[in-house]
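S.K.: compute the structure for the input listed below.
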Amino acid sequence: MFTHPRRQGAAQVYLLLSIAFFAVFLALAIYEYLNGTRFSSNQDLVAELQQATLLEEANPASNKPDWPQWRGPTRDGVSPEKDLVSDWPSSGPKVRWKADCGEGYSSVSVANGRAITLFQTDDSQREVVICWDADTGKKLWEHDYSAPYVSDQGSGPRSTPTIEGDRVYTVGATGILHCLDAKTGKPVWRKDLLAEFGAKNLQWGVSFSPLTDGDLLITNPGGPDGNSIVAFNKVTGDVVWKSFNEGAGYSSPIALTINGTRQVVVFTAKSLVGITEADGRLLWRYPWETSYDVNAATPLPIRAKVGDAEITYLFISSGYNKGCALLKIASTGGGEFAAQKVFESNLMRNHFSSSVRYQDHLYGFDQELLVCMDLRSGNIKWNQSGFHKGSLILSGDHLIIVGETGKLAVAEASPSGYHEKGSYRIFRRKSWTPPSLANGKLYLRDQQQVLCLDLKK
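M.R.: Presented below is the predicted three-dimensional model:
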């Protein structure tokens, strides 16, 4: 069949135009998906949240409050210390002491006059648990062991030590778990989590910080066949129970009591789960898949009351354009529970750091912007650039913020806007490690040193 050349050319032009139009439409759709605001909610649960009275988590009362684990006394990034210096001079707070260390992202845990963290040796072959006098920086002990590890996102251990009584618990980037004597650094017991529970290392290393609760030490090796979440007897190192089948995330477990049931909450590679502390039985699961399985931020519990009824919410967030969710964890009767979505949003995308709450608002990093989010609506009240990605904690009504390029700042925790009280450049190298605040002293680190700053009035 003969086709006139002009008609054939017109058809080709039409086809090319159609392909070009479709390509532009697809590009716009992808751009809108990646950059437009996505928000969904359960209107009944949002209405309930609007009427709820938000409660404050009780911090352990102490004349000399410590920071004994990841994210502080209650794993929520909140310090019980309130009356500290917030009007900083241009040179920043006084440096009390500094000490050399190596690569790693472990923050500094402080308890009973000891400051403890982990780092990697210069040859990338060994990890070191090191302990200093928290006031003077004098080295008290160190324990090193073989743990070869190299990563394109910085080498060295990611986990923060957990200090409880006369024991300290640490996890390295290759999954080596130690129970050490906190006074001497001598090993009490040791586990190779990946080898023992058949787990593969994560693309960017084992990152959870171990959790002590009651007689248990809770870990997340991420192994198959019921070896994802493992509880040890914290004294003997014996396995008490094992549970769940999903791979590990980069997040750290928390424990809380909901309707009389003590639960361990773990942000795994693909979901948020609640498990009975007593025997490891799965209570509820909320699917949450993220690019590269990077669920890194720690779940943030929020207590509330409506009338006489107490409600427990959990806030979760992930980077890579995933976003955040506020969930209500509700009893469904007979000892069963369900995670119900209050809202989900593609804003407040915590990459490696976790958000904090002050009153009715959340403060955290949405990718490279520091933002304030209205907890009751999910609306962003303000955003602030200048930190790139970063970490933060809360002390009283002030935020203490560390940007990845070394900017340290203190600002009011206020929904009215970003009100900075002081800032200066403290590091010249990448810092992804959140601050620790104990007994009026602020502990910070980058890839080569630890600093202790004096914030006492």
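S.K.: would you map the strands across the stretch 351-457 of the chain?
M.R.: Along the stretch 351-457 of the chain, counting by DSSP state E, counting those that start in this stretch, strands occupy 356-358, 361-366, 369-374, 380-384, 390-395, 398-403, 407-412, 420-425, 436-438, 441-445, 449-454.
S.K.: quick one, which of these gets closest to Glu48.
M.R.: Ranking these by proximity to Glu48 (Cβ to Cβ) places strand 369-374 first, at 15.9 Å. Placement of C-beta: from N, CA and C, glycine included.
S.K.: for this structure, what spans make up the helices?
M.R.: Applying DSSP state H to the chain gives helices spanning 5-35, 43-51, 193-196.
S.K.: which stretch in these has the least confidence?
M.R.: Across the helices of the chain, helix 5-35 has the smallest mean pLDDT, namely a mean of 53.
S.K.: if we can go back for a sec, could you export the strands of the stretch 351-457 of the chain as JSON lines, including mean neighbour count?
M.R.: Formatted as JSON lines, those follow (neighbours: other Cβ atoms under 10 Å):
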{"stretch": "strand 356-358", "mean neighbour count": "23"}
{"stretch": "strand 361-366", "mean neighbour count": "24"}
{"stretch": "strand 369-374", "mean neighbour count": "21"}
{"stretch": "strand 380-384", "mean neighbour count": "16"}
{"stretch": "strand 390-395", "mean neighbour count": "24"}
{"stretch": "strand 398-403", "mean neighbour count": "25"}
{"stretch": "strand 407-412", "mean neighbour count": "21"}
{"stretch": "strand 420-425", "mean neighbour count": "15"}
{"stretch": "strand 436-438", "mean neighbour count": "26"}
{"stretch": "strand 441-445", "mean neighbour count": "25"}
{"stretch": "strand 449-454", "mean neighbour count": "20"}
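S.K.: could those be laid out in CSV, adding mean pLDDT?
M.R.: Below are the strands of the stretch 351-457 of the chain laid out as CSV (pLDDT from 0 to 100):
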stretch, mean pLDDT
strand 356-358, 98
strand 361-366, 98
strand 369-374, 98
strand 380-384, 98
strand 390-395, 97
strand 398-403, 98
strand 407-412, 97
strand 420-425, 94
strand 436-438, 98
strand 441-445, 98
strand 449-454, 97
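S.K.: tell me which of these sits nearest to Ala173.
M.R.: strand 441-445 (15.7 Å).
S.K.: tell me what angle the closest one forms with strand 407-412.
M.R.: Relative orientation of strand 441-445 versus strand 407-412 (axes from the mean of the first three to the mean of the last three Cα atoms, to 10 degrees): 140 degrees.
S.K.: which residues touch Thr405?
M.R.: Counting by Cβ atoms under 8 Å, 6 or more residues apart in numbering, Thr405 touches Phe387, His388, Phe427, Lys430, Ser431.
S.K.: quick revisit: to Ser91, which of the strands of the stretch 351-457 of the chain lies closest?
M.R.: Distance to Ser91, taken as Cβ to Cβ, is lowest for strand 420-425 among these, at 6.5 Å.
S.K.: off-centre distance for that closest one?
M.R.: 24 Å (Cα atoms, centre = their mean, to the nearest Å).
S.K.: how about stretch 150-162?
M.R.: Centroid separation for stretch 150-162 versus its chain: 14 Å, with Cα atoms, centre = their mean.
S.K.: got the buried residues for it?
M.R.: Ser151, Gly154, Ser155, Gly156, Pro157, Arg158, Ser159, Thr160, Pro161, Thr162 (16 or more other Cβ atoms under 10 Å).
S.K.: one step back: which residue in the contacts of Thr405 has the weakest pLDDT?
M.R.: Across the contacts of Thr405, the bottom pLDDT score, 89, is held by Lys430.
S.K.: just checking, it touches Glu404?
M.R.: Yes - at 5.6 Å, Lys430 counts as touching Glu404 under the criterion of Cβ atoms under 8 Å.
S.K.: for these two, indicate the residue with more neighbours.
M.R.: Using other Cβ atoms under 10 Å, the more surrounded residue of Lys430 and Glu404 is Glu404, with 22 against 17.
S.K.: enumerate every residue touching the more buried one.
M.R.: Going by Cβ under 8 Å, 6+ apart, Glu404 touches Phe387, His388, Lys389, Gly390, Lys430, Ser431, Trp432.
S.K.: residues near the closest residue in space to the last one that isn't next to it in sequence, how many?
M.R.: Beyond its immediate neighbours in the sequence, the residue positioned closest to Trp432 (Cβ to Cβ, 6 or more residues apart in numbering) is Tyr105, lying 5.1 Å away. Using other Cβ under 10 Å, Tyr105 is surrounded by 29 other residues.
S.K.: ok, now which ones touch Tyr105?
M.R.: Applying Cβ under 8 Å, 6+ apart to Tyr105 gives the contacts Gly154, Gly156, Pro157, Arg158, Trp432, Thr433.
S.K.: try 7 Å
M.R.: Going by Cβ atoms under 7 Å, 6 or more residues apart in numbering, Tyr105 touches Gly154, Gly156, Arg158, Trp432, Thr433.
S.K.: next, format the residues you listed as CSV and append pLDDT and distance to Trp132.
M.R.: Shown next, in CSV, are the contacts of Tyr105 (pLDDT from 0 to 100; distance: Cβ to Cβ, whole Å):
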residue, pLDDT, distance to Trp132
Gly154, 88, 22
Gly156, 95, 18
Arg158, 97, 20
Trp432, 95, 21
Thr433, 97, 16
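S.K.: ok, so of those residues, who is nearest Gly175?
M.R.: Using Cβ to Cβ, Arg158 comes nearest to Gly175 of the contacts of Tyr105, at 10.9 Å.
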